[in-house]
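1. got a structure for you, letters missing:
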């Protein structure tokens, strides 16, 4: 690990910036400017907070290129997992019975006048 002198002033500035971003997050949560804009602003603020934490509190800013490489590899892996999860969610049959993707018959709702599947013995 690269030995660097970290001043209290730097940590205090980063801490105040994180508090300001927290206040911005809470403030924008009460403002309705459209779903896409609200989500985009929230994600942007979250990325800024994460970047400050990674760079200064985790000391990545002062590390060598190999540490940056492995930190980037972690984010690439996160992107792969999020892409697979989102693609699975977007290809589901929503709502049930509306998509001709080979949905099994037993998942569809029975007709209102259909007899019950398991009749009680008489």
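-> Looks like it arrived, so ask away. Bear in mind the structure is a predicted one, so any value in this text is a computation, not a measurement.
2. Show me the shaky parts of this structure.
-> 1-6, 92-122 (pLDDT under 70).
3. And the helices in it?
-> Applying DSSP state H to the chain gives helices spanning 8-29, 35-52, 65-90.
4. which of the residues in the longest one are buried?
-> The one in question is helix 65-90. Judged by neighbour count (16 or more other Cβ atoms under 10 Å), helix 65-90 contains no buried residues. Bear in mind the C-beta positions are built from the backbone N, C-alpha and C, glycine included.
5. and if you look at the first one?
-> When neighbours are counted by 16+ other Cβ under 10 Å, the buried residues of helix 8-29 are found to be 18, 21, 24, 28.
6. Kindly tell me how buried the closest residue to the third one other than its chain neighbours is, as a neighbour count.
-> Spelled out, that is residue 24. Nearest in space to residue 24, with sequence neighbours left out and distances taken as Cβ to Cβ, 6 or more residues apart in numbering, is residue 45 at 5.7 Å. Residue 45: 17 surrounding residues under other Cβ atoms under 10 Å.
7. how does the chain divide up, domain by domain?
-> Per automatic domain parsing, the structural domains of the chain span 1-62, 64-93.
8. doesn't residue 43 make contact with residue 28?
-> No - judged on Cβ atoms under 8 Å, residue 28 makes no contact with residue 43 at a distance of 11.1 Å.
9. one step back: can you name the residues that contact the residue nearest to residue 24?
-> Listed by Cβ atoms under 8 Å, 6 or more residues apart in numbering, the contact set of residue 45 reads 21, 24-25, 28.
10. returning to what we had before: any idea which of the buried residues of helix 8-29 is closest to residue 10?
-> residue 18 (12.7 Å; Cβ to Cβ).
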